[in-house]
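Undergrad: Curious how this folds, go ahead:
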Amino acid sequence: MSEIHAFILKPGLWRGEGEISFSMADDRFKYQTKWHIHSQEEERIYAIQEVKIEGFNESNKNQFVLTSLTPSSFGIELKNNIVGTVPGKGVLDAQVLAWEFHAPEMDFEGYEVYELHPDKSYSVRANYVSGEGLRTFIEGELLPVK
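TA: As a prediction, this is how the structure comes out:
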């Protein structure tokens, strides 16, 4: 696997923050996220992400499982209490980790892109569509917890 990317591919704790917006409103909300990447087991990597959005009472937890790991691609599965379980595909190169989900039968699709910086932090952008074209836009940064 990648020796360049520590995020998602190696065990550790990551914290991030940024802004999130929804197509149904003009407001932008600050969010904080925490990722706990577990060790690789049986050719799988397990990760848990918790997202807290300013002004919302409950946080959202996402579980990810990465499989079929190669130097340039991987399978990924997202599971949470909103969309259930959704399979996807991921790609990576020296500067970028990214994944996408296409589940038209669930009325859900989206992508996340993580761009590596020299200080080992990542800029994050994501876009998800669910329901009747409701979009979620995310921009932020992610840093390792030392």
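
Undergrad: Number of residues surrounding the residue nearest to G90 when sequence neighbours are not counted?
TA: Closest residue to G90 apart from its sequence neighbours, by C-beta to C-beta, 6 or more residues apart in numbering: W99 at 3.7 Å. Quick note: C-beta positions are derived from backbone N, CA and C, even for glycine. Using other C-beta atoms under 10 Å, W99 has 23 other residues around it.

Undergrad: Ok, V96 next?
TA: Going by other C-beta under 10 Å, the residues that sit close to V96 add up to 13.

Undergrad: on that earlier part again, how far away is the residue nearest to G90 from R28?
TA: Per C-beta to C-beta, to the nearest Å, W99 is found 24 Å from R28.

Undergrad: what's the answer for S21, then?
TA: S21 sits 5 Å away from R28, taking C-beta to C-beta as the criterion.

Undergrad: Nearest spatial neighbour of the most centrally placed residue in the chain, chain-adjacent residues omitted?
TA: Centroid-nearest residue in the chain: E112, 5.7 Å away (criterion: C-alpha atoms, centre = their mean). In space, E112 comes closest to A126 once its chain neighbours are excluded; the distance is 4.2 Å by C-beta to C-beta, 6+ apart.

Undergrad: what is that neighbour paired to in the beta sheet?
TA: Using DSSP bridges, the bridge partners assigned to A126 are E112, I138.

Undergrad: Verify the contact between it and E115 for me.
TA: No: contact criterion C-beta atoms under 8 Å: A126 and E115 do not qualify, at 12.0 Å.

Undergrad: Tell me if I'm right that the residue nearest to the centre of the chain and V91 touch.
TA: No: at 11.4 Å, E112 and V91 do not qualify as touching, with contact defined as C-beta under 8 Å.

Undergrad: Now list whatever residues contact both of these two.
TA: Common neighbours of E112 and V91, using C-beta atoms under 8 Å, 6 or more residues apart in numbering, are A98, W99.
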